[in-house]
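Participant: this is a predicted model, with the sequence first.
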Amino acid sequence: MEYPGLAARTGGFSYGAPHAVTIGAGAARVVFLRSAGPDDPDAALWVLDRDSGAERLIAEGPITSYATDRDALVAAFARDGELFRADLTGGTVGAVPTPGPVHDPRPSPSGRDIGYVTDCQGSATLRVTGPDGDRLLAGEPGNAWREHGGTISWGMAGAAAAAFRRTRGWWWSPEGGQILAVRTAGAASLHLLDLDGGWVDVHWDRETYPYLAQVRWESGGPLITVLRRMQQHGLVLSVDPRTGETQVHAELADARWVEPVPGTPRHLPDGRVLVGGELAHDGFDARCLFADGSLLTPPGLYVWRVAGTLPRDGGPAGSPDLVVEGTLGDPAVREVFRVRTALGGGGPEVTRIAGLTGHDGVVAGGDLIVAGVRVSSGDTVVATLGSSAAEPPYHPEPVLERVTDRRLPAAVLYPTGYVAGARLPVLLTLGAGPGHQQVRADPAAWQERQWWADAGFAVVSIDPRGTPGVAPSFEKAVHRRLADVILTDLTDALQILLGKHPDLDLGRIAVRGHGLGGWLAAMAVLRRPDDFHRAVARDPVIDWCDLPAPIAERYLGDRSDAADVYAHHSLRTAGASDALLLVGAELPGCPSTPAATLPEELAFLCSGHGAEVTRK
């Protein structure tokens, strides 16, 4: 049998597409990574010169990440632990000697120096190399962190950072004379390091607010967001780079949990601080942007992230428009908008940028927007980045719906060329589970699902409560009752879909997911075997106590006073069934395997209810 859709499972159809885009030099250059295509996934470093429209290869791969100076004159990257410095105008690349393997190298804003982290597996240290030589800026190598039996690291994001989508552990000051660095010793602390050896600590109540969720330092002083352990309250703080003292700019509060908006906080050119937050009173239920307390986005716009700024034609100096990814109306459709920041009457002003979607990986800088391969200024396409990505094999046409009185986003995908009248077994896809949309108006999201549909299933996707993109209350209704709420939404939605799609055979429902989606797939079969009949769970979460505390406690509350809630959400207490296949995990009484191919998953899901496996 041939399985042409297998490559879609691993993102193979994105190989060869430009990504990791940086706009620099006043939008004169666009820097990006691109591989040669699906057969050669190692990405190389490229530059597009705006004036000539020509692309230049700067450095061969494999390069997984890079960083540039302020004007995109210099880039730094690591390859096999070795540091490289690239001249983006002259095209020369040279290795820079370092005393150890290099991680996360970043040029200073002027390009004079390069900072980097080394010894990431032990006591990570932060170093700077440049014309004055290579020197240790911060680090305590070999120093036992005796109180907790660990080690001290500098410049690393830290174990809790991923829960808040913070991927970095250090930042250059806009002038390049200081570095703001995370020190991890159990909890994360922040410190301002002068290149001449002086330093000051950043002061906030770290006992009350232990989580460092967001950090940004692009102009003025640093801005940080810190959260309480239960994440129901947070502070947006500005940091004085001379003293490390902090000032509160905004408070974030929610009875369930606070959800900061990526791309915020940030300084606007007029000195105001942009903050992402939520309106949850006076009838509002919205995820919005504020500048010093003034609402910038209408309540109907669900804000996903802030991608950058663009100058506003005819607008006052220092008041650019924001470029925002958001949802306006249909949660399956993520679009790109310009949001006015200038003060004025008439309330928030938002303009849709035609032809762009939030699935294009939008980057804004200077007067340019890069979305996918399109480089545009205003309504003019100034360049098109080359791409050798393979064409997706399928042209899926899912039927998108809103179902039940809760208006749950849902979609049904039929086999290619399907003729109505024959009952089809149902495959319910859960993906990565809570916190991740399944119902999206993006053809790339349906490639693998079309493969499953063509194997003989009606593929159903449902975004139950707990999924972002609809409204804050919709996302947070699962607090401390995640499994019960989601399984109820899934079963209710399937019953309503049957009325719209009578060919769905709800007597043959298979479920699959990975990670938390795998946990949910297993929970569906174990807790509700009358509704869900067979499941594959890849790398499922067996027990929520095994998850990082920020993720587990966001959904289920404090572990110390919610033992019954955690037990209720554990697969260890959910029973056993031979209708559940665990991949990469084990549970007594359930079949398991260390690994499984897609065809092996298909065979298992079909074996229990006589579904016919087909392949064109």
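Facilitator: Received, thanks.
Participant: pull the longest helix from this structure.
Facilitator: Of all segments of type helix in the chain, defined using DSSP state H, the longest is helix 482-500.
Participant: what packs against that helix?
Facilitator: strand 399-403, strand 408-413, strand 424-429, strand 458-462, strand 504-514, helix 516-527 (3 or more CB pairs under 8 Å, 6 or more residues apart in numbering; DSSP states H and E). All C-beta atoms are positioned from the backbone trio N, CA, C, and that covers glycine.
Participant: quick one: closest of those to residue 64.
Facilitator: strand 504-514 (22.4 Å; CB to CB).
Participant: contacts only, for the spatially most central residue of the chain.
Facilitator: Geometric centre of the chain, nearest residue: residue 165, 6.2 Å, by CA atoms, centre = their mean. Contact analysis of residue 165 by CB atoms under 8 Å, 6 or more residues apart in numbering lists residue 262.
Participant: can you pull the phi/psi pair for residue 371?
Facilitator: phi -130, psi 110 (degrees, to the nearest 10).
Participant: and it, how close does it get to residue 303?
Facilitator: 18 Å (CB to CB, to the nearest Å).
Participant: what's the answer for residue 198, then?
Facilitator: The spacing between residue 198 and residue 303, counted by CB to CB, is 39 Å.
Participant: more crowded one of the two?
Facilitator: Each of residue 198 and residue 303 has its neighbours counted (other CB atoms under 10 Å); residue 303 has more, 25 against 9.
Participant: before we move on, which element is the more buried one in?
Facilitator: strand 301-310 (DSSP states H and E).
Participant: output the following helix or strand past that strand as PDB, restricted to C-alpha atoms.
Facilitator: Next helix or strand after strand 301-310 toward the C-terminus (DSSP H and E): strand 321-328. The C-alpha trace of strand 321-328 is given here as PDB (Å, rounded to 0.1, in the frame of the first residue of the first chain):
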ATOM      1  CA  ASP A 321      -0.400  51.000  13.900                       C
ATOM      2  CA  LEU A 322      -0.100  47.600  15.600                       C
ATOM      3  CA  VAL A 323      -0.100  44.500  13.400                       C
ATOM      4  CA  VAL A 324      -2.300  42.000  15.200                       C
ATOM      5  CA  GLU A 325      -3.300  38.400  14.600                       C
ATOM      6  CA  GLY A 326      -6.900  37.900  15.700                       C
ATOM      7  CA  THR A 327     -10.300  36.400  15.200                       C
ATOM      8  CA  LEU A 328     -13.300  38.500  14.300                       C
END
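Participant: what angle sits between strand 321-328 and strand 301-310?
Facilitator: 160 degrees (axes from the mean of the first three to the mean of the last three CA atoms, to 10 degrees).
Participant: show me the contact partners of strand 321-328.
Facilitator: Contacts for strand 321-328 (CB under 8 Å, 6+ apart): 274, 289, 296-297, 300-312, 315, 333-341, 350, 352-353, 358, 362, 364, 369, 469.
Participant: show me what the residue nearest to residue 115 when sequence neighbours are not counted is bridged to.
Facilitator: The shortest distance from residue 115 to any non-neighbouring residue, by CB to CB, 6 or more residues apart in numbering, is to residue 128 (4.9 Å). On the basis of DSSP bridges, residue 128 is bridged to residue 115, residue 135.
Participant: quick one: low-confidence ranges for the protein?
Facilitator: 1-13, 120-121, 141-150, 315-317, 608-616 (pLDDT under 70).
Participant: quick one: the helices in it?
Facilitator: According to DSSP H, the helices that the chain contains are 6-9, 447-454, 472-476, 482-500, 516-527, 549-556, 563-568, 598-607.
Participant: relative to residue 181, which of those helices is closest?
Facilitator: Among these, helix 549-556 comes nearest to residue 181, with 20.9 Å by CB to CB.
Participant: name the helices or strands packed onto that closest one?
Facilitator: Contact here means 3+ CB pairs under 8 Å, 6+ apart; on that basis helix 549-556 packs against helix 563-568.
Participant: what residue of this protein is the furthest out?
Facilitator: Going by CA atoms, centre = their mean, the residue of the chain most distant from its centre is residue 421, 40.6 Å out.
Participant: that residue against residue 503, yeah?
Facilitator: Yes. In terms of CB atoms under 8 Å, residue 421 counts as a neighbour of residue 503; the distance is 7.0 Å.
Participant: test my guess that residue 246 contacts residue 202.
Facilitator: Yes. Contact criterion CB under 8 Å: residue 246 and residue 202 qualify, at 6.7 Å.
Participant: higher neighbour count, the two?
Facilitator: Between residue 246 and residue 202, counted using other CB under 10 Å, the more crowded position is residue 202 (25 against 22).
Participant: for residue 334, which non-adjacent residue is spatially closest?
Facilitator: residue 358 (3.1 Å).
Participant: for residue 238, which of the helices of the chain is the nearest?
Facilitator: helix 549-556 (23.7 Å).
Participant: now do the closest one: everything it contacts.
Facilitator: 160, 163-164, 211, 229-231, 257, 434, 466, 478-480, 482, 544-545, 559, 562, 565-566, 569.
Participant: buried members of these into PyMOL, please.
Facilitator: PyMOL command restricting the contacts of helix 549-556 to the buried ones, with burial defined by 16 or more other CB atoms under 10 Å:
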select buried, resi 160+163+164+211+229+231+257+434+466+478+479+480+482+544+545+562+565+566+569
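Participant: in strands, which of the contacts of helix 549-556 appear?
Facilitator: Judged by DSSP state E, those include residue 211 as members of strands.
Participant: all good on my end, thank you.
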